[in-house]
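Novice: Quick one: sequence and predicted model below, then my questions.
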Amino acid sequence: MAAALASLALLLCLVSPAPALAAEATRPAWSDLTAPQRKVLEPLQHKWSSISALQRKRWMALADRYPHMSSAEQKRIQERMQDWAKLTPQQRDAARKRYRALSKLTPEQRRAIIQQWTESQEAQQAPPSETTPPDTTDTAKSAEPPPAEGSALPETASGLVADPPEPATKP
């Protein structure tokens, strides 16, 4: 799970926006890509014209590295790219914001968040215990209490992790 998060963070890094230096260029156009690049970047084809020139170049660089990746890395990249292409511009902006916030955390804080998130995912995916009979009382039907401060990050509707806590500041 940590590897998946690291891959997503890397992917977000590759597509994170840079300050606008000039008017958005329309190059490179989809037709300017090589056949291998178009094949790798196919999930982005319908949104290519709305991607900034800087981001296009980053995607092209990823496509150029793609043949040298392991099959597992290639599969992960394709899955992440498809997920990214499905996001609305607002969801992509929110993902970039979360990435920037996570990048400001210390390695220990990031590891703690990843561990908490992984544990919460495992708990959600774990089948109910066969030794514990299901509780049919009204209290069992009530919503779970909200997570405690600093607990695992909840997922958003897009499947991305919600905003991380603000990094602790030193006095």
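Specialist: Yes, it's here.
Novice: And the helices in this structure, which stretches?
Specialist: Assignment of helices within the chain using DSSP state H yields the ranges 2-15, 35-40, 53-65, 71-86, 89-103, 107-125, 138-141.
Novice: Tell me which of the ones you listed approaches A29 most closely.
Specialist: A29 lies closest to helix 53-65 among those, at 8.9 Å (C-beta to C-beta). Where C-beta positions appear, they are placed from N, C-alpha and C, glycine not excepted.
Novice: In the closest one, which residues are buried?
Specialist: Along helix 53-65, these residues count as buried under the neighbour rule (16 or more other C-beta atoms under 10 Å): 54-56, 58-60, 62-63.
Novice: and the helices of the chain as a markdown table, adding mean pLDDT and distance to A29?
Specialist: Below are these laid out as a markdown table (pLDDT from 0 to 100; distance: least, C-beta to C-beta, whole Å):
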| stretch | mean pLDDT | distance to A29 |
| --- | --- | --- |
| helix 2-15 | 56 | 18 |
| helix 35-40 | 94 | 11 |
| helix 53-65 | 93 | 9 |
| helix 71-86 | 93 | 18 |
| helix 89-103 | 90 | 20 |
| helix 107-125 | 90 | 38 |
| helix 138-141 | 47 | 55 |
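Novice: Indicate which one of the ones you listed is closest to K47.
Specialist: That would be helix 71-86 among those, by C-beta to C-beta, at 6.0 Å.
Novice: and which of the buried residues of helix 53-65 is nearest to P89?
Specialist: Closest approach between these and P89, by C-beta to C-beta: Q55, at 12.1 Å.
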